[in-house]
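Novice: just coords:
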């Protein structure tokens with residue numbers, strides 16, 4: 001993922017929730033209007049960069065296809081959020097009064113939906129780091145984000161229903177918004193009590209249903225990513241000799257990237273060492289497994305560039321590395 005797309009992705013995640021927050025909760029005036037215009041411009045520019053994604057993947061996904069996939073994800077989350085907001089407002093309305101269209105309430109629910117969805121997308125980015133920009137175009141990602149959006153809206157409705165925040169608090173709207181958006185998943189992942197069923201401890205409470213949905217969506221995202229990873233590894237690791245690459249390629253890849261912790265690097269080294277010692281796996285298969293290990297840490301673009309840079313020094317058709325011989329006197 002290019003640096004500009006990575007920065008744009010962070011800007012997009014941070015700026016989008018601020019639009020309804022500033023528009024609905026800030027005091028009306030020229031300053032607010034100018035800030036809103038600036039936020040919309042920033043969101044539009046960041047969206048273009050994120051949509052560009054990883055150049056290495058453009059051959060497999062055209063720009064119109066990527067745009068349609070992103071539109072499906074954002075549209076699904078937006079439609080679900082809007083439907084839930086209207087449903088909650090209808091439930092809370094007085095009999096015969098209809099839905100109240102107070103801009104503060106609408107902005108509050110809209111902000112919670114955006115923030116909760118951003119939290120869910122952030123979880124996906126943290127888990128699948130090799131190409132975060134592609135996550136927005138996956139339908140399983142849309143399901144995962146929608147679940148987080150729904151959790152945030154329901155949490156806000158509960159916070160208001162049970163008056164968790166004192167009505168006399170001048171920042172009640174803001175506190176309720178942040179509490180529901182960032183605390184929804186933590187609340188719904190709690191268990192009221194734990195029951196022993198067979199040999200396993202099963203949590204009874206909101207976490208049971210939410211965990212099932214989240215784990216199912218997470219597995220679907222993982223499978224979608226696995227297909228792309230297999231194609232990328234097959235392309236990058238073609239004609240690579242495992243014996244030549246097992247030490248050189250990981251060292252070069254880790255030297256190119258920054259941010260990997262010492263624990264992650266040690267775990268990668270242990271995985272490669274176990275792979276090298278496993279006599280049941282053929283050298284050709286070891287080459288592809290090595291590519292998978294590296295891809296999950298540094299991404300497809302870095303792996304492809306590293307293989308291209310090292311060239312014949314790690315290829316099976318390249319020159320053999322010969323140890324120097326002692327010349328007899």
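Specialist: The structure has been received and is ready for your questions. Small disclaimer: the values here were computed from a predicted structure and weren't measured.
Novice: Would you quantify the distance from residue 121 to residue 152?
Specialist: From residue 121 across to residue 152, the span is 13 Å (Cβ to Cβ, to the nearest Å). Heads up, the C-betas are built off the backbone N, CA and C, glycines and all.
Novice: pretty sure residue 110 is touching residue 84, no?
Specialist: No - in this structure, residue 110 is not within contact of residue 84 by Cβ atoms under 8 Å, at 11.2 Å.
Novice: Would you map the strands across the stretch 101-250 of the chain?
Specialist: 193-197, 200-204 (DSSP state E, counting those that start in this stretch).
Novice: Return the member of the ones you listed having the minimum mean pLDDT.
Specialist: Here the strands of the stretch 101-250 of the chain differ in mean pLDDT, and the lowest is strand 193-197 at a mean of 57.
Novice: measure residue 307 to residue 166 for me?
Specialist: Residue 307 is 60 Å from residue 166, by Cβ to Cβ.
Novice: neighbour count winner among those two?
Specialist: The neighbour comparison of residue 307 against residue 166 (other Cβ atoms under 10 Å) goes to residue 307, with 23 against 8.
Novice: if we can go back for a sec, more neighbours: which of residue 121 and residue 152?
Specialist: Ranked by neighbour count (other Cβ under 10 Å), residue 121 and residue 152 place residue 152 first, with 31 against 22.
Novice: which residues touch that one?
Specialist: Going by Cβ atoms under 8 Å, 6 or more residues apart in numbering, residue 152 touches 112, 113, 115, 116, 117, 119, 180, 181, 184.
Novice: distance of the nearest residue to it once chain neighbours are set aside from residue 72?
Specialist: Distances taken as Cβ to Cβ, 6 or more residues apart in numbering place residue 116 nearest to residue 152, at 2.7 Å, with adjacent residues excluded. With distances taken as Cβ to Cβ, residue 116 is found 19 Å from residue 72.
Novice: and what of residue 271?
Specialist: Counting by Cβ to Cβ - residue 271 and residue 72 are separated by 35 Å.
Novice: what's the answer for residue 158, then?
Specialist: Residue 158 is 29 Å from residue 72, by Cβ to Cβ.
Novice: Residue 257: neighbouring residues, count only.
Specialist: For residue 257, using other Cβ under 10 Å, the count is 12.
Novice: Correction: the previous question concerned residue 268.
Specialist: 19.
Novice: Wait, it touches residue 249, no?
Specialist: No - using Cβ under 8 Å, residue 268 makes no contact with residue 249, being 11.5 Å away.
Novice: overlap in contacts of these two?
Specialist: Joint contacts of residue 268 and residue 249 (Cβ under 8 Å, 6+ apart) are residue 294.
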